[in-house]
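Trainee: below are the sequence and a predicted model; questions follow.
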Amino acid sequence: MTAALDIENLQAWYGESHILHGVSFTVQPGEVVTLLGRNGAGRTTTLRAIMGLTGARTGSIKVNGVEAIRLPTHRIAHLGIGYCPEERGIFASLSAEENLMLPPQLSGHGAGMSVAEIYEMFPNLYERRHSQGTRLSGGEQQMLAVARILRTGARLLLLDEISEGLAPVIVQALAKMITTLKAKGYTIVMVEQNFRFAAPLADRFYVMEHGRIVTTIAAAELQASMPALTELLGV
Ligand SMILES: Nc1ncnc2c1ncn2[C@@H]1O[C@H](COP(=O)(O)OP(=O)(O)OP(=O)(O)O)[C@@H](O)[C@H]1O
Ligand SMILES: [Mg+2]
C-alpha cells in the first residue's frame, strides 16, 4: 500500500533559522496521527513545511507516492492535501456559505464532499449559512474552516490545533467530526496541545522537541507511556 504521507529526514528553515532537523514519519491512508510537543517544538513548522510554506526545505515528502519537496504550494495542495492553519482564515466580510464555496475543487481527486453532505455533518453551519464570517463563534469558524477543505476533495488533512480555545461542548463536536472523517477514510495529521482531545482519536502520537520527533507512541501503548509522555509534555 502506498502511504498517504511519507516524510523522511525533513529539514526546514525560516531564513537563516534552522527549525526542523530531520523529521521522519509515515501515515497510511485512513490513519489519524497527532503531533504533540511543547510550545516551539516545531509542530506547526512541520505542517507548513509539508505545504511548502517555510523557507528552504530538504529531505523527502511523498504524498500518495509523489515527491513534493521541490513543488510549489499550489501544486502540493493539488496532490490532495487540505491544510487548516491555526488562524483558520475565515473571511469576515463573506457569509459562511460564501466562505465554504470559496476554494476551488481539486482536480483529479474525485468529488469533494457535497454541500448537502457538509451541512448534514455540520447542522449548525447550515443554520448559520447566511451569517457573516465575523458573526460566527470560534467553534463555528473552526468547523467552517474544516468544512471548506472537505469540499475541495482533499483526502489528507493537516489540522493545526483545531480544539484550541474552544468550549468543551464544541471540542466534543470536533472529536465526533474527526471520528466521522476517519470512518469515511480520510487521513489526518493533527497538531494538538490538548492531549485529552487527541488521546481517544489518534492511531499514533509523535512527540516533537527542538525540531525532531523524539518519541513515537502507538494508541495501544498510550496507557503504559503516560508517565513518560507527561514528563515530555510537561502537562
Ligand atoms: N516565521 C518564523 N520565522 C522564524 N522563526 C520561526 C517562525 N515561525 C516559527 N519560528 C520558530 O520555529 C520554532 C518552531 O515553531 P513552531 O511554530 O513550529 O512551534 P509549535 O510546535 O507549533 O509550537 P506552538 O504552536 O505552541 O508555538 C520556534 O522556535 C519558533 O520561534
Ligand atoms: Mg504551532
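Mentor: Thanks, I have the structure now. This one's a predicted model, so the numbers in the text were calculated from it and none came from an experiment. Ligands and ions are numbered 1, 2, ... in the order given.
Trainee: residue numbers of the chain in contact with ligand 1?
Mentor: Residues of the chain lying close to ligand 1 (Cβ under 6 Å from any ligand atom) are 14, 17, 19, 37, 39-45. C-beta coordinates here come from the backbone N, C-alpha and C atoms, glycine included.
Trainee: kindly state the pLDDT recorded for residue 110?
Mentor: On pLDDT, residue 110 comes in at 69.
Trainee: no, scratch that, I was asking about residue 134
Mentor: Reading off the model, residue 134 has pLDDT 88.
Trainee: same question for the one 5 residues further on.
Mentor: With respect to pLDDT, residue 139 has a value of 94.
Trainee: so which bits of the one helix or strand it maps to are buried?
Mentor: Using DSSP states H and E, residue 139 sits in helix 138-152. Residues 139-152 are the ones in helix 138-152 that count as buried (16 or more other Cβ atoms under 10 Å).
Trainee: now the element after it, going C-ward?
Mentor: Going C-terminal from helix 138-152, and assigning secondary structure by DSSP H and E, you next hit strand 156-160.
Trainee: so what strands line up beside that next one?
Mentor: According to DSSP bridges, strand 156-160 forms sheet pairs with strand 81-84 (parallel), strand 187-191 (parallel).
Trainee: in stretch 47-58, what counts as buried?
Mentor: For stretch 47-58, by 16+ other Cβ under 10 Å, it's 47-54, 57.
Trainee: got TSV for those, with pLDDT too?
Mentor: Listed next are the buried residues of stretch 47-58 as TSV, based on pLDDT from 0 to 100:
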residue	pLDDT
47	98
48	98
49	98
50	98
51	98
52	98
53	97
54	97
57	97
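Trainee: what ranges do the helices span in this structure?
Mentor: 43-50, 73-77, 96-101, 115-121, 123-127, 138-152, 168-183, 195-198, 222-233 (DSSP state H).
Trainee: which outside residues touch the fifth one?
Mentor: Contact with helix 123-127 is made by 96, 100, 118-119, 140, 143-144, 147, as judged by Cβ atoms under 8 Å, 6 or more residues apart in numbering.
Trainee: ok, now with 7 Å
Mentor: Under the contact criterion Cβ atoms under 7 Å, 6 or more residues apart in numbering, helix 123-127 has outside partners 96, 119, 140, 143-144, 147.
Trainee: farthest pair within the residues you listed?
Mentor: Using Cβ to Cβ, the contacts of helix 123-127 reach their maximum pairwise distance at 119 and 140, which is 12.9 Å.
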